[in-house]
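> Kindly return the folded structure for what I paste below:
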Amino acid sequence: MKPPILGKQTFLHDHPVSGSSFDTFNKERNEGDDNPYPLYTGRYLLIMKERSGSLLKMTRMLESKWGFKVASSSDFVRETLDERKIKSADALFYNELGIALLGADEEIIERLSAPDAEYLIEPEKVVYIPDDIAGEGEQDATWGIHITGALQSPFSGLGVRVAIIDTGYDPTHPDFTGREITGHSFVPEETVEDLHGHGTHCLGIACGETDNNSTRYGIATAAQIYVAKVLNKQGSGAQAWVLDGMTGAVNNGCRVLSMSLGSPVYPGQEYDMAYERAAQYALSRGAVVVAAAGNDSRRSQNRYSPVSSPADCPSILAVGALDESLAVADFSNRAVNKGGEVDIAAPGVAIYSSWPMPTRYRTLSGTSMATPHVAGIIALLWEKYPEATAAMITEKLRDLAKTLPLPPEDIGAGLSFAPMKEQ
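As a prediction, the model looks like this:
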């Protein structure tokens, strides 16, 4: 029997992607793995080998041969798609991506899988906030704003829409009063309100302005903001929710997508094709995608972990973290797997930014904090070069980066730097 994608029978509801069921879920789905968090949701992604393959043919096969009830993203051209709108479906096709989300048991998945099929079937991942590190106390100013040149840049991201794909945001936060913000929750049964805090912190770095002491802490202070909530109040979510958020952001005219989230990647593991398809779609619509390289390394103990997913995708810029002395942060992942490079680096240690009320501000460390620095700088570039393509903006970003005496596998092109008028 196929569980529907949503509803009481859904595997995600039977085994939540966060909370007290972590250990039980992990033993059931990932037996023998010492990872304390589950890797998979119990659902699957069907990925067409050729993006332009016949979706109609595949839909008919799922419906007639296997009895699936299939929904399609094309049914939601005038509204934002999320799982709450397809409760009775057990398959959802993302037409733009050539991907289908399947709610099916393992027996059916095994029968669907075939080496000569026109598609691949992969388990849907659980996605997490990287293990960010809390700072000790608050600080008076954000050093990242200074060292990236944002204070000297004449650009503010005016007219550019930035997507923060994370845990939502605090709509009551006084620092965002009067800002143009559109928000949508892709997490079933949760509103866009940030009940975790991570999304509000990342939003402040990318697009915040000044704190209650008039101290500047954000990069793109005049950018339009699109918040896609794809992680729940515990800071975890389903891969399909991230795909929903990415396509929703692109379809809402965002020029840069900031994703401080991920799943672990092991040495030798290939990048995730579903994320790559979503990133390719973003590029085709004139948007640049940046993602956190991950916080799994412990360089002081000679442990170096690969760039996490989705940052390891070829069409996504992976962001590493630097400290105030411009050394690589101890936790920042590096290029270990072929193709999974770090593309650029940004401030990611002791970063001061907004936090849900009443706390209002917090200081955190992580590649999660480095990523929105780069997203904000990309917004400044889009303001300066409004007619540029996404590829041209990426090239400008690399060209402006400050070279550092550090290995490229750790920092890519170097320290991300804001554009100036004369450049």
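> can you pull out the helices in the chain?
11-14, 22-29, 55-64, 106-112, 143-147, 198-207, 239-251, 273-284, 367-384, 390-400, 408-411 (DSSP state H).
> Report the separation between the residue sitting nearest the centre point of the chain and Ala223.
Closest to where the C-alpha atoms of the chain average out (Cα atoms, centre = their mean) is Met259, at 2.6 Å. As judged by Cβ to Cβ, to the nearest Å, Met259 and Ala223 stand 16 Å apart. All C-beta spots, glycine's among them, are computed from the backbone N, C-alpha and C.
> Counting neighbours, what do you get for Ile86?
Using other Cβ atoms under 10 Å, the number of residues around Ile86 comes to 23.
> Tell me which of the helices of the chain approaches Thr177 most closely.
helix 198-207 (13.4 Å; Cβ to Cβ).
> ok, now which ones touch the nearest residue in space to Val290 that is not next to it in sequence?
Leaving aside its sequence neighbours, Val290 sits nearest to Leu317 (Cβ to Cβ, 6 or more residues apart in numbering; 4.5 Å). Residues near Leu317 by Cβ atoms under 8 Å, 6 or more residues apart in numbering: 288-291, 311, 343-344, 374, 394, 397.
> any chance of those residues in TSV, plus distance to Asp116, neighbour count and pLDDT?
Formatted as TSV, the contacts of Leu317 follow (distance: Cβ to Cβ, whole Å; neighbours: other Cβ atoms under 10 Å; pLDDT from 0 to 100):
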residue	distance to Asp116	neighbour count	pLDDT
Val288	36	27	98
Val289	32	31	98
Val290	37	29	98
Ala291	33	32	98
Ala311	32	32	98
Asp343	36	25	98
Ile344	40	28	98
Val374	42	31	98
Thr394	37	22	98
Leu397	41	23	98
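> Just give me the closest of those residues to Leu97.
For those, the closest approach to Leu97 (Cβ to Cβ) belongs to Val289, at 13.4 Å.
> my guess is the closest one contacts Gln280, does it?
No: the pair Val289 and Gln280 does not pass the contact test of Cβ atoms under 8 Å, sitting 9.5 Å apart.
> joint contacts of the two?
Taking Cβ under 8 Å, 6+ apart as the contact rule, Val289 and Gln280 both touch Ser315.
> Dump the helices of the chain into JSON lines; add distance to Pro154 as well.
Formatted as JSON lines, the helices of the chain follow (distance: least, Cβ to Cβ, whole Å):
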{"stretch": "helix 11-14", "distance to Pro154": "47"}
{"stretch": "helix 22-29", "distance to Pro154": "48"}
{"stretch": "helix 55-64", "distance to Pro154": "46"}
{"stretch": "helix 106-112", "distance to Pro154": "54"}
{"stretch": "helix 143-147", "distance to Pro154": "15"}
{"stretch": "helix 198-207", "distance to Pro154": "17"}
{"stretch": "helix 239-251", "distance to Pro154": "27"}
{"stretch": "helix 273-284", "distance to Pro154": "27"}
{"stretch": "helix 367-384", "distance to Pro154": "9"}
{"stretch": "helix 390-400", "distance to Pro154": "14"}
{"stretch": "helix 408-411", "distance to Pro154": "26"}
